[in-house]
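K.L.:
I need the structure of the sequence given here:
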Amino acid sequence: MGRRILVLALATSLTTTCFGLSSPQEQVRALATNTPVEVKFVDGSRQRGRISGVSDTGFVLKGQTIPYSQVQTVKELKNHKKRNILIAVGVVVTVGLVVAIIWAASTAAVLGGHN
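P.N.:
Residues are numbered from 1 along each chain as shown. Got it, this is the predicted structure:
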């Protein structure tokens, strides 16, 4: 019986951690101040901003104190600037290589045709 309780407790803990079922208070406390977030409220509305303060009863978003009781989830917004720059560089390099290969092939065909 002790093993069943231990397995159930472990499964519940893993499910909560893996699927983000922690409370809004835990979600907010896990983030650094000034982190960009998207807040989903219990009524279904959403708001984006940066958390500027945290207390036991709520947090401050865009100068407004929001009680945890009104919040369903808090999700950190990721900045994909570095990823997008790397993708753009990859595309430019690939296009450059294709153009260079086509140019080299056409030059070889023209030079080879005159011999």
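
K.L.:
can you tell me the SS state at residue 69?
P.N.:
helix (DSSP: H, G, I helix; E, B strand; the rest coil).

K.L.:
per-residue confidence at it?
P.N.:
Per-residue pLDDT puts residue 69 at 95.

K.L.:
got it, and residue 13?
P.N.:
53.

K.L.:
which residues in this structure form strands?
P.N.:
Ranges of strands in the chain, per DSSP state E, are 36-41, 46-54, 58-61, 64-67, 71-76.

K.L.:
tell me the domain ranges of this structure?
P.N.:
23-78, 79-115 (automatic domain parsing).

K.L.:
if I look at the spatially most central residue of the chain, what pLDDT would I see?
P.N.:
Note on the chain: the residue nearest the mean C-alpha position is residue 78, at 3.9 Å, using Cα atoms, centre = their mean. pLDDT for residue 78: 84.

K.L.:
got it, and residue 1?
P.N.:
For residue 1, pLDDT reads 61.

K.L.:
also residue 81?
P.N.:
Reported pLDDT for residue 81: 81.

K.L.:
would you convert the domains of the chain into TSV that also reports distance to residue 3?
P.N.:
Any C-beta I mention is one placed from the backbone N, CA and C, and that applies to glycine too. Formatted as TSV, the domains of the chain follow (distance: least, Cβ to Cβ, whole Å):
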stretch	distance to residue 3
domain 23-78	28
domain 79-115	45
